[in-house]
Structure formats: C-alpha cells, structure tokens
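Visitor: Fold the following, please.
(chains A and B)
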Number of protein chains: 2
Amino acid sequence: MWLNGTSDLIKLLKKKRVKRVALQFPEGLKRRSATVAAALKDAGFEVVLSGDPCYGACDLALDTLMHADVLVHFGHSPVDEQPGVIFEPYKVDFDVAVLENALPFFKKGPVGLVTTVQHVHLIPAMELFLKAQGVACRVAEGGGRTPNRGQVLGCSFTAAKATGAEEILFVGTGLFHPTGIALATHAHVIALDPLTGSAQVVSGDTLMRRRFAVMEKAGNAKSVGIIVSTKSGQQRMDLARRLASLSPDAVIVTMREVHPDELLNLGFACYVNTACPRLAYDDQERFPVPVLSPQEFEILCGARTWDTYTIDEIV
Amino acid sequence: MWLNGTSDLIKLLKKKRVKRVALQFPEGLKRRSATVAAALKDAGFEVVLSGDPCYGACDLALDTLMHADVLVHFGHSPVDEQPGVIFEPYKVDFDVAVLENALPFFKKGPVGLVTTVQHVHLIPAMELFLKAQGVACRVAEGGGRTPNRGQVLGCSFTAAKATGAEEILFVGTGLFHPTGIALATHAHVIALDPLTGSAQVVSGDTLMRRRFAVMEKAGNAKSVGIIVSTKSGQQRMDLARRLASLSPDAVIVTMREVHPDELLNLGFACYVNTACPRLAYDDQERFPVPVLSPQEFEILCGARTWDTYTIDEIV
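Guide: The predicted structure is shown next:
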C-alpha cells in the first residue's frame, strides 16, 4: 500500500518539478517515515523529515517546509489553506456490513452519519448499506476544517450539527468524538468502532460532571494563564485577547506543546486553553492545575450562562 | 532586585514607545514570569508570555514576538543579531575572594580566566584579585556567540582558546563547560564553583571514554537521522547537508525539542546531533539509541581522523 502511495507521490512531485521535499507524519504513522524518505531519496529527491510530534493538519511543519520546495503531510485532510503543502490521505478500509451492529440503537430516524478522515471514502458505501436496511440517513458537508462530506474532527462537529438529525451515528475509534457530538448537538449519539464492531450509546454527562469539578477547583485561582498555541491551525489570539480582558489576573501565554512540566514551571494557578480543544478535556489528569475551556472560563467570569455550556470547537 | 529590573525595563519600553511586549524566561527564572508580567500589565503594556521551554539565547521566542512589538529575553546575552529583541541580563554576584580556593591548583601561569554570562560583570574584579595574589591572568574576547569579555557558553569556548594560556580557570557551576574547555584547548583546566567555593582539576578523559563507547555502538547502524534544530540560534542545515552526503543511509530530520520519545517514534538506528551540542554529551543516557556529535559521525564515515577528535561547538 505504501509502495503504491510512494510511486503515485513520486509521479506528482516530478510533475511539479520539485527537488527538495519535506515530509511530515502523524505519531501513529511516524515509524514509516524512514522507509518513505529512503524511497524518495532513491527517486532523486532531497528529503527533509519533520521529527516533531504531530497530531493533526492543524500542526503543519512550516519550519521544515522552509528548507524544501513542498511539504507532504500524511494522514490528514487540510484544516486551512497553506501554500506549498500536499496532503496525502491515509485510508483505512472496513466492511460496511459492520454497521449492522449499530441498528438496535436507532430509534425512529433519520440518522445523521459522520466519521473521521481515514474512513470518509466509505461514506457512500455506508449510506447505501443503511438505506438497504431501511434506515433513513443524512450526510452533511462540514466545510471549513472538515472538507470531506460527513467528516468530523475532535475540534469540529459541524458535519454532525448540519445533518439536523436527532440521532447521529459516529463511525470511528474512541469516545472523544461521539462525546463532543453529544454535547454539540444534544442528539442521541451512537458510536460504532468499525474495527472491533462494538456499538454503544454515548452521552456527554460523564464529561460534564468531570468538567464541573475542574471549574469548581479553578474558581479561587489568583492567577490565570490564557494559553495560545503557536501551531499553524490552532492559533486563536483574538479569542485569547477577549478572554484575557475578562479578568485582571489573566496573562496570555504562547505555547507550542502544552506540557504539564511547563504549566508547573510557569506557576499560574489555573489555565484557559485556546489551543487544541481536546487538551483540556482529555489531558486534565496529567495537568498539575485546572485547565479550563474558553466557555468554562467565560461562565466563571460571569460572561456566559450555565445553560449555554457547550464543548469548545475551532471554527 | 526584580522590581528594580522591571522599573528600568518599563522606562526603556516607554522610551521605545512600545505597546505590546513579549516576555521570555529561561527555565530557572520561569517562576518569576507571572510577577514580571503583572508589573508590566500594571504599567499599561499588553503582555504576551512565551511558555515554551528555553535554555539559551539560541532559542528566541520569535513566534511569540509575532504577536508583540518587542521580545524581552531574560537571563542571556545575544548569540546572534535579531531585530526586535531586548536582552535583559541576570547578574549573580559573589565575593571574588572565593578565587583563593583555586590558587593551589595553578602551576606556573599565566592563567586564562573565563566564566558564564551571569558572572561576566565580575571579570574585572576577578582579574584584580588574581593579580593581587601574584597570578598572571589573561582574559580574551570571545566574539560571535559570546559578546562579553571572558564569556564562554556550553557551545562556544572561543574566549578560553583565545587566551592561548596553558592553564585555564573556569568560574561557574557544573562540569560541562570546563570539560568542554579541556577538550577544546588541551589546557590544564581548573573549575571553581563560586557559590560553593569548591575547586577541582577537570579533564576530558571520562567524557571521551563514554563517547567512544557510544561511537562503538553506532558503528553498525543501518539508518541514520541527521538532526537539525528549528530553534533560532541552533540551525546548522549546511553542516547537516554535508554530513548527510557522507552516508547513503542518512536522512535529515528537523526537530524543535530533541526528545527521547520522538527519537524512538522516528525509529532510526542512530542519530547525529547538529542542534545544541550539549544534547549528545549530556543526555545520551535518556536517549534510546546512540546520538553522535558531527565530529564523531565524520570519524565513523572515515571523513576525519581519530587524533582530531574534538568537542562540538557552534561558531
């Protein structure tokens, strides 16, 4: 599969008359980087590999691109326009008949269907399968950070919301996306892992309870660091400036990697995260002090009401 | 001391008609950042703090400067010219009479005198003290990355070499600098810690033995990652390209932080470090595979002879 991928890529690069190629792989595919780099070197290209951690197209290795003609970013679709970047998707196939396992959880439909980037090429086949089972199905364009029909990201649930459906089927791995969809849509959400076949209903309740405990703890903080990412697709400086204006104790802090050691070294009593939204929700246990979402900080500052609590997305 | 520092800094910033100030502190001073940020905010400035790890002026927060008019970098003197950066030194005083503890280790002199940036303001007082003790003393300009007379860095021992002395007194903390001076100068090196008063002779022998063991282990590596830093003052792409040309198995890898996890994820059998030279020497125990200096890789590739083994410096 990757040899195929490389030969198509080599054709494309030759057509573009590229000489120096920068390569970037997400963490899960990084082990393949030496092999792909060797294949491109053998084909006559000068290769520079990005060795920094990468979890999405929101973190393009633009500093590596400075040493090359193009950057080939593997495994993700674009979240924003960046000149000189080629996106090489990584497709993961499965037999769409696995969707049968989700059927018992549907109510009356219609069902909104969403998935993550590595499975979006199977959206048409999944639609056909559901229709054949008598399930009315809706797939929506996400737009913006999710250019593929039916695609969601951990920071963008637009393609779920845009279905307008009261039931949503998320096909993919892990519970973060379906939890976010539940909080963003208030729909009945079914998560199906296409690789294990396990299906379950997912609600936002557990996450909400955990987050309220974090907010409670942050309530008395005497100093607040408002984190702004320096990664290409995570910079929300305008939001950070607005949040900083809500409290005299707030200071804006730029960070590349939001790391527990650095939060401790900086010494703020609490932080507000405007970088990758998942950091606050997923990594609180690793952090030495409360790390709030923008919406949670707004509630604590009296700038948002409790009943408009929602999950943070980058739009 | 820091309130004084802040009031002088505020005067300077007002004189420059600055509105937005970016602040960067090295790890050892980071805990003071919230206090300094608050003082500048009170004085009417908009403040953005860099929250990334920082170990020297070779790692300027230029991405934070993008959100401000100037960057104030605390604790280091400049290693290169960068527009918009103000360097705020951090002076650490001591009683120069502590140099008495080094006297028994001197042979016949003259003695070359060097120190690190936080003590360079005491160079004239140390010279006077040594002369009063009858010790002929030489202090040299380092130039380049070490703009202060008598200053050395962990990556630049020019001010030691330029004394031409066969005995060198290093005044400062830790054994890395004096070990590097010993390897770079072949002089008789005495290290004096001015805070504890302990003095000792330092040679490069132990480090050499450890490094030869690492080179031995790297000899059979089938794949080699040539690390290039993306930090402002550590980028040695020309050197990396030259090194990569020495072996068909070498691929250039850019990295911001050279972290053991990333070296493991990338999966190369060995690395060559052209980033901060200390990484290879100080952190080998943390690394999963051999990390060579440029000179060590040259020796293994037959492009340098063993008798010209030397410590890596950035010039």
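
Visitor: can you pull out the strands in the stretch 51-200 of chain A?
Guide: Taking DSSP state E, counting those that start in this stretch as the criterion, the stretch 51-200 of chain A carries its strands at A:70-74, A:85-88, A:111-115, A:137-138, A:167-171, A:188-192, A:199-202.

Visitor: The second one - which strands sit beside it in the sheet, and in what orientation?
Guide: Pairing partners of strand A:85-88, with direction, according to DSSP bridges: strand A:70-74 (parallel).

Visitor: So which residues make contact with the partner strand?
Guide: Applying CB atoms under 8 Å, 6 or more residues apart in numbering or on different chains, the contact partners of strand A:70-74 are A:9, A:13, A:16, A:18, A:21-26, A:29, A:36, A:50, A:57, A:60-62, A:64-65, A:84-88, A:90. (Each C-beta comes from the backbone N, C-alpha and C, glycine too.)

Visitor: And for stretch A:294-310?
Guide: Against stretch A:294-310 from outside (CB under 8 Å, 6+ apart): A:183-184, A:208, A:211, A:214-215, A:218-219, A:224, A:239, A:243, A:246-247, A:272-274, A:280, A:292, A:311-312.

Visitor: Which ones among those residues map onto strands?
Guide: A:224, A:272-273, A:292 (DSSP state E).

Visitor: Now the buried members of the contacts of strand A:70-74.
Guide: Listed as buried from the contacts of strand A:70-74 are A:9, A:13, A:18, A:21-26, A:29, A:36, A:50, A:57, A:60-62, A:64-65, A:85-88, A:90; burial here means 16 or more other CB atoms under 10 Å in any protein chain shown.

Visitor: can you tell me which of the contacts of strand A:70-74 are in helices?
Guide: A:9, A:13, A:36, A:62, A:64-65 (DSSP state H).

Visitor: possible to save these as TSV with distance to A:Gly164 and pLDDT?
Guide: Formatted as TSV, the ones in helices among the contacts of strand A:70-74 follow (distance: CB to CB, whole Å; pLDDT from 0 to 100):
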residue	distance to A:Gly164	pLDDT
A:Leu9	39	93
A:Leu13	42	96
A:Val36	41	93
A:Leu62	37	96
A:Thr64	41	97
A:Leu65	39	98
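
Visitor: what subset of those is also close to chain B?
Guide: Applying CB under 8 Å from any CB of the partner chain, the subset of the ones in helices among the contacts of strand A:70-74 adjacent to chain B comprises A:Thr64.

Visitor: Would you format the ones in helices among the contacts of strand A:70-74 as a markdown table with distance to B:Glu127 included?
Guide: Below are the ones in helices among the contacts of strand A:70-74 laid out as a markdown table (distance: CB to CB, whole Å):
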| residue | distance to B:Glu127 |
| --- | --- |
| A:Leu9 | 62 |
| A:Leu13 | 60 |
| A:Val36 | 57 |
| A:Leu62 | 48 |
| A:Thr64 | 46 |
| A:Leu65 | 49 |
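
Visitor: Can you tell me which of the ones in helices among the contacts of strand A:70-74 is nearest chain B?
Guide: A:Thr64 (4.5 Å; CB to the nearest CB).

Visitor: wait, what's in contact with that closest one?
Guide: A:22, A:24, A:48-50, A:71, B:230, B:254.

Visitor: Show me what from the stretch 1-150 of chain A comes close to chain B.
Guide: A:27, A:30-31, A:33-34, A:37-38, A:41, A:47-53, A:61, A:63-64, A:67.

Visitor: Assess the claim that A:Val171 and A:Val111 are in contact.
Guide: No - at 11.1 Å, A:Val171 and A:Val111 do not qualify as touching, with contact defined as CB atoms under 8 Å.

Visitor: Now neighbour count and distance to B:Thr305 too, for the ones in strands among the contacts of stretch A:294-310, in a markdown table please.
Guide: Shown next, in a markdown table, are the ones in strands among the contacts of stretch A:294-310 (neighbours: other CB atoms under 10 Å in any protein chain shown; distance: CB to CB, whole Å):
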| residue | neighbour count | distance to B:Thr305 |
| --- | --- | --- |
| A:Val224 | 26 | 58 |
| A:Val272 | 32 | 57 |
| A:Asn273 | 29 | 53 |
| A:Leu292 | 27 | 59 |
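
Visitor: Mind putting the residues you listed into JSON lines with pLDDT?
Guide: Output for these, formatted as JSON lines (pLDDT from 0 to 100):
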{"residue": "A:Val224", "pLDDT": "97"}
{"residue": "A:Val272", "pLDDT": "98"}
{"residue": "A:Asn273", "pLDDT": "98"}
{"residue": "A:Leu292", "pLDDT": "98"}
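
Visitor: which stretches of chain A have low pLDDT?
Guide: A:1-5 (pLDDT under 70).

Visitor: Please list the residues of the stretch 151-300 of chain A that sit near chain B.
Guide: Checking the stretch 151-300 of chain A against chain B by CB under 8 Å from any CB, the hits are A:223, A:225, A:227-228, A:230, A:237, A:251-257, A:259, A:261-263, A:265-268.

Visitor: Would you mind listing which of these are buried?
Guide: A:223, A:225, A:227-228, A:230, A:237, A:251-257, A:259, A:262-263, A:265-268.

Visitor: Keep only those of the residues of the stretch 151-300 of chain A next to chain B that are in strands.
Guide: Per DSSP E, those map to strands at A:225, A:227-228, A:251-255.

Visitor: tell me, how many neighbours does A:Ile190 end up with?
Guide: By the criterion of other CB atoms under 10 Å in any protein chain shown, A:Ile190 has 23 neighbours.

Visitor: contacting residues for it?
Guide: A:102, A:105-106, A:111, A:167-170, A:178, A:199-202.

Visitor: in the stretch 101-250 of chain A, what residue is nearest chain B?
Guide: A:Thr230 (4.2 Å).

Visitor: Report the spatially closest residue to that residue, excluding sequence-adjacent ones.
Guide: B:Asp63 (4.2 Å; CB to CB, 6 or more residues apart in numbering or on different chains).

Visitor: And A:Ala61, by the same measure?
Guide: Counting by CB to CB, 6+ apart, the residue nearest A:Ala61 is A:Ser50, at 3.6 Å.
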